[in-house]
Each structure stands twice: as structure tokens, then as C-alpha cells.
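Peer 1: Below are the sequence and a predicted model for it; my questions follow.
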Amino acid sequence: MPTPTFDLYLVTDRAQTGGRDPLAVLEQALAGGVKAVQLREKDLSGKALFELAEKTRRLCDRYQASLLINDRIDVALAVDAAGVQITGVSLPVDVARNLLGPRKLLGASTHSLEEARQAQNDGADFILFGPVYLTPSKAAFGAPQGLQALKKILENVSLPVYAIGGIKAEHIAELRSLGVRGVALISAIIGAADPKEAAASLLRLLER
């Protein structure tokens with residue numbers, strides 16, 4: 001199975017671009033060094049998502065970045081994306097793996113140690129865990145998981161773990177000290193006035 005080689009995992013959200021063209025914002029982020037993108041636009045129809053995914057994959061190819069599609073295995077296969085990000089409402093991880101085959105990246109979004117272990121047993125290549133910090137997009141679902149819960153995941157799962165949820169530049173050092181493989185985020189880049197510099201700055205912190 002493939003192994004993720006990226007430290008920074010950028011998740012898209014058209015609603016957080018401040019009215020700017022999402023593809024233009026994404027290209028700035030890629031120019032800043034982003035090497036992995038999760039296309040996460042759940043409100044789009046299958047056709048609209050496919051069309052956006054095609055454009056996004058061409059853009060990622062230009063910058064030698066990996067594109068993963070949130071939830072939609074059919075769209076990922078249709079545009080020959082690098083992989084899929086599976087969530088709690090997606091197909092089970094083992095079913096997704098059978099559909100994707102052994103060469104595509106399969107990430108699993110988890111919110112507990114039990115979910116993380118299950119994802120590992122069922123064939124995921126890496127795990128997202130969160131939300132670690134308070135983030136407005138997840139506030140309705142309760143309090144953030146926190147660093148201690150993240151530490152427990154890292155101690156009990158052998159897969160690469162990416163922290164997600166409310167992550168900003170000032171959190172990178174403490175997350176790295178715990179042993180995360182990397183971070184996944186949205187607003188710190190998508191919502192930044194200068195996405196290129198925001199991405200470059202985060203990558204510099206991750207490399208320390």
C-alpha cells in the first residue's frame with residue numbers, strides 16, 4: 001500500500017476563500033509548496049464535483065501534488081486522483097480499499113481511538129484525527145478532542161497520523177513534538193490574504 005510523503009494536507013472549502021476564485025487560491029497554495037490536496041466540496045452535485053475535480057487534478061499535476069477526493073470514490077476513479085479521504089458517513093474503509101485497489105492512497109478521518117484502530121485494521125494508509133483545537137466549523141459537534149486524545153492515538157496506532165481542526169502556525173511546534181506525521185487544515189491557507197506565503201510559512205515550520 002502507498003505511504004503518504006507530505007507534511008501539509010490542504011483541505012478545500014469554497015466558502016472560505018473570501019469571494020476569490022477557489023482554483024486561483026488553490027494555485028497560490030500549490031505555488032507555496034503544498035503537495036497534497038483534499039477536494040472537499042460536499043454541496044456539489046456529482047457532475048459539478050467531477051468537473052471541479054478534473055480542473056483541480058490538472059492543477060495539482062502541474063505542481064506535482066497529490067489530489068484526494070473527499071468521500072466520492074467514483075469521482076476519484078473517474079479523474080484518476082491519487083486517492084480518497086473516507087469519513088464516518090462514507091463507505092467502510094475495507095470496502096473503499098477493495099474498490100480503489102492497492103495503489104491509491106486511502107485516508108480515514110477519525111474521532112476516537114476505536115475508529116483509528118478500525119481504520120488501520122481495514123486498510124487505511126493514513127489517519128486524520130480531530131478536531132484537535134476549537135474550530136468554528138466543528139463547534140456544533142462538541143468540544144475539541146485536545147492534545148491528550150491525539151497523544152493516545154499516536155501511541156496506539158502505527159499508521160501516519162495527521163492532526164486536523166483549528167490548526168494555526170502557532171500550533172505546529174507542539175504538534176510536531178507529539179510525533180504527528182503532519183497537519184491537515186483549511187482556513188490557515190484558504191482564508192489567508194496571501195495563500196502562497198501562508199503555505200510556505202507553514203511548511204517551513206513543519207520542516208523544523
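Peer 2: Sure thing, it's come through.
Peer 1: where does this protein have low pLDDT?
Peer 2: Within the chain, the segments meeting pLDDT under 70 span 137-142.
Peer 1: tell me what the longest helix along it is packed against?
Peer 2: Taking DSSP state H as the criterion, the chain has its longest helix at helix 46-62. Under the contact criterion of 3 or more C-beta pairs under 8 Å, 6 or more residues apart in numbering; DSSP states H and E, helix 46-62 touches helix 22-31, strand 36-39, strand 66-70, helix 73-78. Every C-beta, even on glycine, is put in place using the N, C-alpha and C of the backbone.
Peer 1: Only the buried residues of it, if you could.
Peer 2: Neighbour-count burial for helix 46-62 flags 49-50, 52-53, 56-57, 59-60 (criterion: 16 or more other C-beta atoms under 10 Å).
Peer 1: what does it rub up against?
Peer 2: 12, 23, 26-27, 30, 37, 39, 41, 44, 66-67, 69, 72, 74-76, 78-81 (C-beta atoms under 8 Å, 6 or more residues apart in numbering).
Peer 1: didn't Leu67 look like it was pressed against Lys35?
Peer 2: No: if you go by C-beta atoms under 8 Å, Leu67 and Lys35 don't touch, sitting 10.5 Å apart.
Peer 1: Please say which of the two ends up with more neighbours.
Peer 2: Leu67 (22 against 19; other C-beta atoms under 10 Å).
Peer 1: Quick one: residues contacting the more buried one.
Peer 2: Contacts of Leu67 (C-beta under 8 Å, 6+ apart): 37, 39, 53, 56-57, 60, 79, 81-82.
Peer 1: Count the neighbours of Gly179 for me.
Peer 2: That count, for Gly179 with other C-beta under 10 Å as the rule, works out to 11.
Peer 1: Okay then, goodbye and thanks.
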